[in-house]
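Chemist: Predicted coordinates and the sequence they were generated for:
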Amino acid sequence: MPNVEVSTLIRRPPAEVFAAFADPAITTRFWFTRSSGPLAPGATVRWEWEVYGVGDTVLVKEFAEPERFVLAMGGGEGLAVEFRFTPREEGTVVTVTESGFSGTADEVIDYVAGSTGGYTTALCAAKALLEHGIELGAVRDKFPDNWV
């Protein structure tokens with residue numbers, strides 16, 4: 001089965017970039033709109049994208065600040081998503097890898113395409129916020145016909 005893997009360089013230190021993805025006070029400025037709490041070892045957290053009327057429950061399976069964390073989507077029964085924060089002289093490379101897809105070949109292809117686009121949009125929005133202080137609204141505005 002294929003995996004989703006997307007990455008980008010964010011010109012900020014690893015600890016700052018890691019915190020942006022673990023702390024909902026920051027993450028809600030570029031990705032989801034509401035969270036039941038921060039990511040922490042063993043935590044179960046509810047994320048919501050209110051403009052779309054959707055959400056997901058994530059279980060933190062691994063948490064090694066500021067290097068990486070691994071989430072089990074769907075409350076622990078779904079896909080695995082790893083976030084890696086690799087230091088570079090220029091800043092931090094953030095890599096998101098999602099695995100564990102199931103379904104028909106067409107279903108997997110559709111899901112992989114959607115996830116690749118979604119994570120790429122979130123990483124670009126994080127980059128704009130952390131490097132330039134700009135809240136792009138890129139995730140919110142990606143599918144305006146689907147707003148509720």
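Modeler: That came in fine, so what should we check first?
Chemist: contacting residues around the helix or strand harbouring Val96?
Modeler: Here Val96, judged by DSSP states H and E, is contained in strand 91-99. By Cβ atoms under 8 Å, 6 or more residues apart in numbering, the surrounding residues in contact with strand 91-99 are 1, 3-14, 16-18, 21, 79-86, 115, 119, 123, 126. The C-beta positions use only the backbone N, C-alpha and C, and glycine is treated the same way.
Chemist: got the angle between the lengthiest helix in the chain and strand 91-99?
Modeler: For the chain, the longest helix by residue count, based on DSSP state H, is helix 105-132. On the basis of axes from the mean of the first three to the mean of the last three Cα atoms, to 10 degrees, helix 105-132 is oriented at 160 degrees to strand 91-99.
Chemist: Buried ones in helix 105-132, by neighbour count?
Modeler: 111-112, 115-116, 118-130 (16 or more other Cβ atoms under 10 Å).
Chemist: re earlier: give the buried subset of the contacts of strand 91-99 as a PyMOL selection command.
Modeler: Burial among the contacts of strand 91-99 is assessed by 16+ other Cβ under 10 Å; the matching PyMOL selection reads:
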select buried, resi 4+6+8+9+10+12+14+17+18+21+79+80+81+82+83+84+85+115+119+123+126
